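Enquirer: missing the sequence, but the structure's below:
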């Protein structure tokens with residue numbers, strides 16, 4: 001079975017700036033992110049990104065905008081000899097529709113667990129919001145909550 005580090009995007013991978021991040025110019029990788037991820041890779045973890053992207057539902061940005069940033073993330077990971085196994089995101093916003101994929105719901109995590117044969121007992125979800133931790137707990141994965149933009153504090 002595979003062990004995974006699940007990562008929220010805004011506030012964990014990139015700097016939380018207090019508004020939707022959908023333009024490459026606003027996307028700033030957090031300090032020491034890659035140093036931490038390289039340590040996790042050495043421990044045998046794969047990386048899966050799980051994020052809420054409610055700005056799509058609000059018509060602030062599009063699926064294409066999210067895909068552009070996913071490509072940017074993938075390229076930067078590759079520069080550090082890392083790989084994102086998969087990106088999962090929820091395009092819904094609770095003001096406009098109900099869904100079962102938006103964190104704190106767990107559908108996206110469940111999909112990843114099934115697809116990659118994840119060992120939930122050896123995997124971790126790192127997020128900067130309580131909804132990240134709740135989603136992890138719903139599927140039996142340990143959640144670690146960090147302050148936004150403080151990934152450098154994580155040690156396993």
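Expert: Sure thing, it's come through. Please read all numbers here as calculations on a predicted model, not as lab measurements.

Enquirer: residues contacting the lengthiest helix in the chain, please?
Expert: If you go by DSSP state H, the chain has its longest helix at helix 63-79. Helix 63-79 is contacted from outside by 9, 13, 21-24, 27, 29, 34, 37, 47, 49, 53, 56, 83-84, 87, 89, 91, using C-beta atoms under 8 Å, 6 or more residues apart in numbering. (C-beta placed from N, C-alpha, C; glycine too.)

Enquirer: those in helices, which ones?
Expert: Taking DSSP H, the ones among the contacts of helix 63-79 that sit in helices are 34, 37.

Enquirer: show me the shaky parts of this protein.
Expert: Filtered on pLDDT under 70, the chain yields the residue ranges 155-156.

Enquirer: how does it look with 80?
Expert: For the chain, applying pLDDT under 80 flags the ranges 152-156.

Enquirer: quick check, central residue of it?
Expert: residue 8 (2.6 Å; C-alpha atoms, centre = their mean).

Enquirer: would you mind measuring from residue 49 to residue 97?
Expert: Using C-beta to C-beta, to the nearest Å, one gets 22 Å for the distance from residue 49 to residue 97.

Enquirer: so which of these two has more stuff around it?
Expert: Higher neighbour count among residue 49 and residue 97: residue 49, with 23 against 10, using other C-beta atoms under 10 Å.

Enquirer: test my guess that that one contacts residue 10.
Expert: No: when contacts are counted by C-beta atoms under 8 Å, residue 49 is not listed as touching residue 10 (10.5 Å).

Enquirer: OK, contacts around the closest residue to the residue nearest to the centre of the chain other than its chain neighbours?
Expert: Leaving aside its sequence neighbours, residue 8 sits nearest to residue 127 (C-beta to C-beta, 6 or more residues apart in numbering; 4.0 Å). Residues in contact with residue 127, defined by C-beta under 8 Å, 6+ apart, are 7, 8, 11, 12, 103, 133, 136, 143, 144, 145, 146.

Enquirer: now the residues you listed in JSON lines, with distance to residue 75 and secondary structure?
Expert: Shown next, in JSON lines, are the contacts of residue 127 (distance: C-beta to C-beta, whole Å; DSSP: H, G, I helix; E, B strand; the rest coil):
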{"residue": "7", "distance to residue 75": "16", "secondary structure": "strand"}
{"residue": "8", "distance to residue 75": "20", "secondary structure": "coil"}
{"residue": "11", "distance to residue 75": "21", "secondary structure": "coil"}
{"residue": "12", "distance to residue 75": "18", "secondary structure": "coil"}
{"residue": "103", "distance to residue 75": "25", "secondary structure": "coil"}
{"residue": "133", "distance to residue 75": "29", "secondary structure": "helix"}
{"residue": "136", "distance to residue 75": "27", "secondary structure": "helix"}
{"residue": "143", "distance to residue 75": "28", "secondary structure": "strand"}
{"residue": "144", "distance to residue 75": "26", "secondary structure": "strand"}
{"residue": "145", "distance to residue 75": "28", "secondary structure": "strand"}
{"residue": "146", "distance to residue 75": "24", "secondary structure": "coil"}
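
Enquirer: many thanks, we can stop here.
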